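*Asks:* Let's see this in three dimensions:
(chains A, B, C and D)
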There are 2 protein chains.
Amino acid sequence: MAEQKATIYDIARVLDVTPSTVSRALRNHPRISARTKAAVQATAEQLNYQQNHIAAALRSGHTFTLGVVVPYTNRNFFSSVINGIEQLAFNSGYSVIITQSNDSAEREQKNIEALLRAQVDGIIISVAREAGDPAVYQRVVAQGVPLVFFDRVVEVAGASTVLIDDYQGAYQATKHLIEQGCQRIAHLTGASHLNIYKNRLRGYRDALEDHQLPYTAALIHTSKQKVADGSEGMRQLLTLSQPPDAVFAASDYAAIGAMQVCKERGLSIPQDVALVGFANEPLTAYLDPGLSSVDQMSEQMGRFAAKTFLEAIENTTDFTPHTTVLTPDLIVRASSQRKRAT
Amino acid sequence: MAEQKATIYDIARVLDVTPSTVSRALRNHPRISARTKAAVQATAEQLNYQQNHIAAALRSGHTFTLGVVVPYTNRNFFSSVINGIEQLAFNSGYSVIITQSNDSAEREQKNIEALLRAQVDGIIISVAREAGDPAVYQRVVAQGVPLVFFDRVVEVAGASTVLIDDYQGAYQATKHLIEQGCQRIAHLTGASHLNIYKNRLRGYRDALEDHQLPYTAALIHTSKQKVADGSEGMRQLLTLSQPPDAVFAASDYAAIGAMQVCKERGLSIPQDVALVGFANEPLTAYLDPGLSSVDQMSEQMGRFAAKTFLEAIENTTDFTPHTTVLTPDLIVRASSQRKRAT
DNA sequence: ATCCCCTGTGCAATCGTTTGCACGACAACT
DNA sequence: AGTTGTCGTGCAAACGATTGCACAGGGGAT
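*Replies:* All right, here's what the predicted structure looks like:
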């Protein structure tokens, strides 16, 4: 059944040279003559030679493999990031191993260890919601394996990070709502050990202040940002004596929940209540009305993470870990557009 | 920077035994005494020994790595399947390498070759929309690497497949529409070298016949099944002298397009036009009205694909390739529910 | 006592490449 | 003519584990 695979020995035998010469010829070593290289190439193709990555990896120490750890593969944001990572990695000859933590710290740690055993050349990770022991990350760095965090990051010496500017995104979204004439803008925020929600809240607050609008604690609702949480938040907000005329949610799902409640109550969107979400999940475009949202540049984030890794690999000596901050992009749809675009 | 990694030689030195003994002890070889095993275990932990997969792979021929090729990682269906695959694979000690073809046959072939070079223990694939040369798949099988197709399959001797029963799904969906009182049911189908659309069309057609409804060619619209295609199809259908009172689309996206057109024209859903899609993308639940759809059991599909692979690996000798057919599940939402559920 | 088998371990080859070092040949320079 | 340098290739030792075979010692059967 299993075909015999050709090795460099087979090529060497045919051409009556040594395997070393073949190896060097294939890797385009400068000291090998053009004639020999051509001959090796030719017989390699003829024998259908495929390099054995494993053997090469063992000797050289490079596996040309990149490990990725995400909470869930089937969440659009993460799968889009993976998409971006894979594009760049593939073009540079790297394979990508995907693992998922299911937001469990224990599972995350196991994943990292498995990746290290697999001798990956680097690890790109978005950490689990459940906080784990940072020692694991430090061990990765200590082993000399480049480590890149994205979106959900942790401060680790020697690691790089790729983020979006959550503050900016929230600021833009809030400013947009103000410009559309909204005066009482509520905010659905999330509680987490991660900074993303804090930064969004800050952006929201600063935008209000910069436009001389009061910051009102009653207009803030904190939750886990699921659809049901958004509904719950909206219901509470509508009980206020002065209900909001706009809602900026820190996630699209919470915004969807809010939208559903508005529809139930017969409130028109965006006239009575304008809505903006966060993440620009693909589904937001298909809602009725389309949900305005802050795009997280997921694919780009993946590409930057991969690029950072590649840089780290190529200059092992003089690479300094760094943080890349991407500017998010406000996508305006019907849910917040009260005034016609000029 | 890089810490020294412990090898079995280090353990052997400490205990004054040979590396062979250590290797066997770690792999729980029956001929090693319990005492030795315990001692090896202890020092392994003490030295923080982590097996080098690469070295083990080179010698043993097993990489404990599973290759996956999908058209796109960031499509919910595929990322959910990957999710399912990863769950089972991880539990059995396998890592999963993800590659994407972007629906290009050339890229798909390159991916497969890269996976083979990486010496993966098996490949799970959903083929590109663009048809490629089946010889690539045969080469995989010829090399003795288990090959499992899912959803978008190709007939290859020696390969296994995991599918959903598209015929059944379509039949159920159509039957459901009939039971809701629809009489003129249109179908948006896709053109492809793959069988999925053909089977859905067959299911649709047979359901009509079984309920004494005529099959009308004018009610069939063929396209690539994007949102815009669905809109286009719906517009055409509405120009008919006898427009349909229901649409069964072979994909959720086409159904969304149709839904948008209905809304534009002021047609009420489901009263004037009932709608059912296919795939049960998560967003369907959030549409207004919620879109009924046929669930493709994506995670389960992934789990079955992984299971098939694991079976093939474990009984290399007496494994016979087989086809697993999953029964899809019709999810009824507001878009097709004309009669109250009793 | 003799033979056989079982238990626990060691020996050494092997997986397929990579790579530091050495070496012969030939050209160029003093 | 001797020295130095460059070019093209070969030698052999890695990389870290796995594994078939051998073997010593001890117990039981004959």
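*Asks:* surely residue A:202 meets residue A:168?
*Replies:* No - contact criterion Cβ atoms under 8 Å: residue A:202 and residue A:168 do not qualify, at 10.4 Å. Glycine gets a C-beta too; all of them are placed from N, C-alpha and C.
*Asks:* which of these two has more neighbours?
*Replies:* Taking neighbours as other Cβ atoms under 10 Å in any protein chain shown, residue A:202 and residue A:168 compare with residue A:168 leading, 19 against 15.
*Asks:* Beyond the helix or strand containing that one, next helix or strand please.
*Replies:* Using DSSP states H and E, residue A:168 sits within helix A:166-179. Per DSSP H and E, the first helix or strand lying C-terminal to helix A:166-179 is strand A:185-190.
*Asks:* Wait, residue A:109 touches residue A:133, no?
*Replies:* Yes - counting by Cβ under 8 Å, residue A:109 touches residue A:133, with 7.3 Å between them.
*Asks:* Report the spatially closest residue to the residue nearest in space to the middle of chain A, excluding sequence-adjacent ones.
*Replies:* Nearest to the centroid of the C-alpha atoms of chain A, with distances taken as Cα atoms, centre = their mean, sits residue A:81, at 4.1 Å. In this structure, residue A:81 finds its nearest non-sequential neighbour in residue A:302, 3.9 Å apart by Cβ to Cβ, 6 or more residues apart in numbering or on different chains.
*Asks:* Got phi/psi on that neighbour?
*Replies:* phi -60, psi -40 (degrees, to the nearest 10).
*Asks:* Now do it against residue A:186, distance only.
*Replies:* As judged by Cβ to Cβ, to the nearest Å, residue A:302 and residue A:186 stand 32 Å apart.
*Asks:* Same check on residue A:116?
*Replies:* Applying Cβ to Cβ to residue A:116 and residue A:186 gives a distance of 45 Å.
*Asks:* Of those two, which one has the most company?
*Replies:* residue A:186 (26 against 20).
*Asks:* Now do the more buried one, the pLDDT please.
*Replies:* Residue A:186 carries a pLDDT value of 98.
*Asks:* ok so, going back, for the residue nearest to the centre of chain A, phi and psi?
*Replies:* Residue A:81 adopts backbone torsions of phi -60, psi -50, taken as degrees, to the nearest 10.
*Asks:* residues touching it, list them.
*Replies:* Neighbouring residues of residue A:81 by Cβ atoms under 8 Å, 6 or more residues apart in numbering or on different chains: A:70, A:126, A:150, A:151, A:298, A:299, A:301, A:302, A:305.
*Asks:* could you redo the last one with a cut-off of 10 Å?
*Replies:* Residues near residue A:81 by Cβ atoms under 10 Å, 6 or more residues apart in numbering or on different chains: A:68, A:70, A:75, A:124, A:126, A:150-151, A:162, A:296-306, B:73-74.
*Asks:* Also within reach of DNA strand D: list those from those.
*Replies:* Checked against DNA strand D using Cβ under 7 Å from any atom of the strand, these give no members in range.
*Asks:* How many neighbouring residues does whichever residue of the stretch 201-342 of chain A sits closest to DNA strand D have?
*Replies:* Using Cβ to the nearest atom of the strand, the single residue of the stretch 201-342 of chain A nearest to DNA strand D is residue A:316, 16.9 Å away. Number of residues near residue A:316 (other Cβ under 10 Å) recorded here: 11.
*Asks:* Hmm, residue A:310 and it touching each other?
*Replies:* No - using Cβ atoms under 10 Å, residue A:316 is not in contact with residue A:310, being 11.8 Å away.
*Asks:* which residues are common contacts for the two?
*Replies:* Common neighbours of residue A:316 and residue A:310 (criterion: Cβ under 10 Å, 6+ apart): residue A:146.
*Asks:* Return the distance of the nearest residue to residue A:196 once chain neighbours are set aside relative to DNA strand D.
*Replies:* Closest residue to residue A:196 apart from its sequence neighbours, by Cβ to Cβ, 6+ apart: residue A:166 at 5.1 Å. The spacing between residue A:166 and DNA strand D, counted by Cβ to the nearest atom of the strand, to the nearest Å, is 42 Å.
*Asks:* Hmm, residue A:166 is touching residue A:203, no?
*Replies:* Yes - counting by Cβ under 10 Å, residue A:166 touches residue A:203, with 6.8 Å between them.
*Asks:* related to what we said a few turns ago, what about burial for the contacts of residue A:81, which qualify?
*Replies:* A:68, A:70, A:75, A:124, A:126, A:150-151, A:162, A:296-306, B:73-74 (16 or more other Cβ atoms under 10 Å in any protein chain shown).
*Asks:* The residues you listed in helices, which ones?
*Replies:* Per DSSP state H, helices hold the following members of these: A:298, A:299, A:300, A:301, A:302, A:303, A:304, A:305, A:306.
*Asks:* a markdown table please, covering these and showing distance to residue B:42.
*Replies:* Converted to a markdown table, these look like this (distance: Cβ to Cβ, whole Å):
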| residue | distance to residue B:42 |
| --- | --- |
| A:298 | 46 |
| A:299 | 48 |
| A:300 | 48 |
| A:301 | 44 |
| A:302 | 42 |
| A:303 | 46 |
| A:304 | 44 |
| A:305 | 39 |
| A:306 | 40 |
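*Asks:* nearest to residue A:335, of the residues you listed?
*Replies:* Nearest to residue A:335 among those, counting by Cβ to Cβ, is residue A:298 at 20.7 Å.
*Asks:* From residue A:277, how far out is that closest one?
*Replies:* In terms of Cβ to Cβ, residue A:298 sits 15 Å off from residue A:277.
*Asks:* how about the strands in the stretch 201-342 of chain A?
*Replies:* Applying DSSP state E, counting those that start in this stretch to the stretch 201-342 of chain A gives strands spanning A:220-223, A:246-249, A:274-279, A:292-295, A:323-326, A:329-331.
*Asks:* will you turn those into CSV that also has distance to residue A:7?
*Replies:* Below are the strands of the stretch 201-342 of chain A laid out as CSV (distance: least, Cβ to Cβ, whole Å):
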stretch, distance to residue A:7
strand A:220-223, 60
strand A:246-249, 59
strand A:274-279, 49
strand A:292-295, 49
strand A:323-326, 42
strand A:329-331, 51
